[in-house]
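>>> Provided below are the primary sequence and the corresponding predicted coordinates.
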Amino acid sequence: MTAIKFDQLYSTDPTVTSYFGNLNTNNNHGALMHAEVVNEVQIQMLKATAESNTAKNHGGLFSFDNVGKYTLTIDQCTITGNSATFGSGGLVYSSSTTSDTKVYISRTTTLNNNAKTDGGLVYLGGANVNWLTIDSSKLQTQMSS
Amino acid sequence: MLDPANPTQIIDSKTTSNNKDGGAFHSIISGGGGSGNKCILSVTGSTISASATQGRGGLYFCQGASGTSSQTVTITSSTIDDSKASSNSGTRNGGAFFIDVSGSISFSTSASTLNN
């Protein structure tokens, strides 16, 4: 299994958070990360701000393709203005070649994320199980347009 | 959590378009179907507003592939606000939820407000 953690980096100051902004992919998926893992991957994004990231196709921040299982945890984050310009999943996209998906969003605020086609915030295309949990969060104006 | 003693089932009809669905969340089971295939949406203690401006399922769109697939939706202590499917209401279904699976659907809300 592969584990990836976007945490508070190396700061000991609890008020310091990670920042991901204005990232983009000119031609494809996942402005912050595109993962292709045959077996299993766990990704955590904690206490981060992600804004104005753009994928030309799918997954404004995260994209998963050909993954057996993945778990994505987004906790205590602010996610604003990310987009899948011509595709699906303004924040997260997983393709049909992914088997089992788990997305857990907690204590997070999102605003004005959008996708051109399906899933203004989250698009899950897993072959077997798609599990989406939203806990203690405020999600506003996710547009699928 | 889902209250198995008090489920409410909703089934929405199919439309011809597969694009621009699921204002916030779009979940589609792409496998060949089977008893283990399922979509699960759980919302607790949250506020969500979303719209599918040209599609189905203002908040959530779920579709299962052929065969048996199931859907469980649980909304607890949450507010779903201002969710809309396309204004072209003649062809776009599911103002907040669009669910189309070939197996079972379990839909439960508790202490929540769904307001357009």
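Ah, there it is.

>>> And residue A:44, how close does it get to chain B?
From residue A:44 over to chain B the distance is 19 Å, taken as CB to the nearest CB, to the nearest Å. Every residue, glycine included, has its C-beta placed from N, CA and C.

>>> interface residues of chain A facing chain B?
A:88-89, A:96, A:99, A:116-145 (CB under 8 Å from any CB of the partner chain).

>>> Near chain A, which residues of chain B are found?
Taking CB under 8 Å from any CB as the test, the list of chain B residues beside chain A reads B:19-31, B:34, B:36-55, B:61-62, B:78.

>>> which intervals of chain A have sub-threshold pLDDT?
Applying pLDDT under 70 to chain A picks out residues A:5-17, A:27, A:143, A:145.

>>> what's near enough to touch residue B:75?
Contacts of residue B:75 were listed using CB atoms under 8 Å, 6 or more residues apart in numbering or on different chains, and they are B:43, B:108-110, B:112, B:114.

>>> show me the residues around residue A:31 that make contact.
When contacts are taken as CB under 8 Å, 6+ apart, residue A:31 is in contact with A:23-25, A:53-55, A:59-61, A:82.

>>> re earlier: name only those of the contacts of residue B:75 that count as buried.
Neighbour counting by 16 or more other CB atoms under 10 Å in any protein chain shown classes B:43, B:108-109, B:112 among those as buried.

>>> List the contacts of the helix or strand encompassing residue A:133.
Under the assignment given by DSSP states H and E, the secondary-structure element containing residue A:133 is strand A:129-135. When contacts are defined by CB under 8 Å, 6+ apart, strand A:129-135 is touched by residues A:99-107, A:122, A:124, B:25, B:27-29, B:36-46, B:48, B:62, B:78.

>>> Select only the buried ones of those residues in PyMOL?
Restricted to buried positions by 16+ other CB under 10 Å, the PyMOL selection for those reads:
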select buried, (chain A and resi 99+100+101+102+103+104+105+106+107+122+124) or (chain B and resi 25+27+28+29+37+38+39+40+41+42+43+44+45+46+48+62+78)
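
>>> Can you flag which of the contacts of strand A:129-135 belong to strands?
Among these, the members falling in strands (DSSP state E) are A:100-106, A:122, A:124, B:25, B:27-29, B:37-44, B:48, B:62.

>>> Any chance of the buried ones among the contacts of residue B:75 in JSON lines with secondary structure and pLDDT as columns?
Below are the buried ones among the contacts of residue B:75 laid out as JSON lines (DSSP: H, G, I helix; E, B strand; the rest coil; pLDDT from 0 to 100):
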{"residue": "B:43", "secondary structure": "strand", "pLDDT": "92"}
{"residue": "B:108", "secondary structure": "strand", "pLDDT": "89"}
{"residue": "B:109", "secondary structure": "strand", "pLDDT": "88"}
{"residue": "B:112", "secondary structure": "coil", "pLDDT": "89"}
